[in-house]
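Trainee: sharing a model prediction with you, sequence too.
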Amino acid sequence: MFKVITPKVENGIWLVRHLRTASGDWNVSLIKNMFIENDANAILSIPCSLNQRDDSLCWHYTTDENYNMKSGYKLGMSLNIKESTSETRKTGFNWKGIRNLNLPTKIKIFLWTSLREWLPTQVNLARRNISVGCLCPVCCNSFETTVHALWGCSRLKKVRNMYGFLHGVNFANSLCFQDFFSSCTQNLGKKELELLCVVLWRVWFLRNKLVQGVGQRGLENVVPWSEEFLEEFMVVNEKWCVGLGMVVRDRFGAVKACSTQRIEARYSVSVAEALAILRGISFAIYCGYDHLIIESDALGVVNMINSGIEISADIGVIIEDIKCLLQNITDARVKYVSRKANVVAHSLSKLALTLDVSYFWLDSFPLAVERCI
Ligand SMILES: [Zn+2]
């Protein structure tokens, strides 16, 4: 499905291994010089294995690289967004503007679905003769249109109040979501609009939790959560590097050693998290530790390592490397911890992005760590 579009250059480089350094990582400067930006980005997003592996086919659009209906549907929707950019003249809405926002594809698809009034709100379901009522399940006070669910609901007052920059945006419950969003695109700067899109996406996620009976905790944190989400997304997408942070603690929880590593690449968040685990294990081995509990806040990656299922490709190469390394350690297991319990490693990964090379500390620790201990 993916094909290099850079015209061929006769420079004697025909094999993938010619694009890697002696340590097995991508030769970033060679790749940047040799390929156009899109191709270079795609190549540098592929993780390199420490071990020899056979080639295998994989489906790029799921975390475990296996095809499922949901991912096929999402891909179809994202292709629809591309087609919709030519619909501007027909509908009067600037679809191209959405496509150009610097946001994850899943949020663009969410926006596209919302703007099409395809989001399964109570009113939209009633239009399709599916719902038994039209009332908002959150406030139980108004009809749940798309614009009500995502912005107008009385329970979202605090979220709305946190948006000083929304002065001038035309909002009324009678508006359809497309009109509300058009008003936002006209009145907000690009960064503000991107933050608003993440907020809307998060509000819908929490609304669904409530409908599923899981509660709606977190509504008061929507804006800071969205700011952090966007910040992390920008870091991964705008920089040619990934920051990794590793912490070694003893059985009483005291920090014994820590390390930062900066890798020149454009890996996805999952691949970067898997790499942090891999480098963390190598670091612990290097420090001479045995009987390890490796903790990560990346639940999906931890599940992949513990599942015993072979992951087809991409992140699978790192998962296999982790499993190989674990076999060499007496009593080691990988376990999930919440983000709150992983603050030190998280601070270190941010610190890594500001440093030119990798560092490790054994006795005294950097300020970013001291503050969190
Ligand atoms: Zn409501």
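Mentor: Happy to help now that I have it.
Trainee: so which bits of this structure are right by the ion?
Mentor: Taking Cβ under 5 Å from the ion as the contact definition, the chain meets the ion at 136, 138-139, 153. (C-beta placed from N, C-alpha, C; glycine too.)
Trainee: show the buried residues in those.
Mentor: 136, 138, 153 (16 or more other Cβ atoms under 10 Å).
Trainee: contact partners for the last one?
Mentor: Read that as residue 153. 136, 138-139, 142, 144 (Cβ atoms under 8 Å, 6 or more residues apart in numbering).
Trainee: can you pull the pLDDT of it?
Mentor: On pLDDT, residue 153 comes in at 90.
Trainee: and residue 63, by the same measure?
Mentor: In this prediction residue 63 is given a pLDDT of 62.
Trainee: what are the ranges of the strands in the chain?
Mentor: If DSSP state E is used as the criterion, the strands of the chain fall at 241-249, 255-264, 292-296, 332-336, 359-361.
Trainee: in TSV: the ones you listed, plus mean neighbour count and mean pLDDT.
Mentor: What follows is these, written out as TSV (neighbours: other Cβ atoms under 10 Å; pLDDT from 0 to 100):
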stretch	mean neighbour count	mean pLDDT
strand 241-249	22	79
strand 255-264	21	81
strand 292-296	18	83
strand 332-336	16	84
strand 359-361	15	80
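Trainee: out of the ones you listed, the one nearest residue 190 is which?
Mentor: strand 241-249 (23.7 Å; Cβ to Cβ).
Trainee: just how off-centre is the closest one within its chain?
Mentor: Centre-to-centre, strand 241-249 and its host chain are 18 Å apart (Cα atoms, centre = their mean, to the nearest Å).
Trainee: direction included, what does that strand pair up with?
Mentor: Counting by DSSP bridges, the strands paired with strand 241-249 are strand 255-264 (antiparallel).
Trainee: what does the strand it pairs with contact?
Mentor: So strand 255-264 is contacted by 25-26, 28, 44, 240-250, 275, 279, 283, 287, 344, 348-349, 351-353, 355-362, 365-366, 369, 373 (Cβ under 8 Å, 6+ apart).
Trainee: related to what we said a few turns ago, format the residues of the chain next to the ion as JSON lines; extra columns: distance to residue 101.
Mentor: Below are the residues of the chain next to the ion laid out as JSON lines (distance: Cβ to Cβ, whole Å):
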{"residue": "136", "distance to residue 101": "27"}
{"residue": "138", "distance to residue 101": "26"}
{"residue": "139", "distance to residue 101": "29"}
{"residue": "153", "distance to residue 101": "24"}
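Trainee: residues contacting the closest residue to residue 146 other than its chain neighbours?
Mentor: Once flanking residues are discounted, residue 146 sits nearest to residue 177: 4.0 Å by Cβ to Cβ, 6 or more residues apart in numbering. Residues in contact with residue 177 (Cβ under 8 Å, 6+ apart) are 114-115, 117, 145-147, 150.
Trainee: in the residues you listed, find the pair that's most separated.
Mentor: Farthest apart among the contacts of residue 177 - using Cβ to Cβ - are 115 and 145, which lie 12.9 Å from each other.
Trainee: tell me how far residue 28 lies from the ion.
Mentor: 50 Å (Cβ to the ion, to the nearest Å).
Trainee: just checking, that residue touches residue 44?
Mentor: Yes. Between residue 28 and residue 44 there is a contact under Cβ atoms under 8 Å: 6.6 Å.
Trainee: which of those two has more neighbours?
Mentor: A side-by-side neighbour count of residue 28 and residue 44, using other Cβ atoms under 10 Å, places residue 44 first with 22 against 19.
Trainee: in terms of pLDDT, where does that one sit?
Mentor: So residue 44 comes in at 80 (pLDDT).
Trainee: same question for residue 285.
Mentor: 83.
Trainee: any idea how many residues pack against residue 316?
Mentor: Neighbours of residue 316 (other Cβ under 10 Å): 21.
Trainee: pass me the low-pLDDT residue ranges in the stretch 101-250 of the chain, would you?
Mentor: For the stretch 101-250 of the chain, the stretches with pLDDT under 70 are 131-132, 164-174, 215-216, 235-240.
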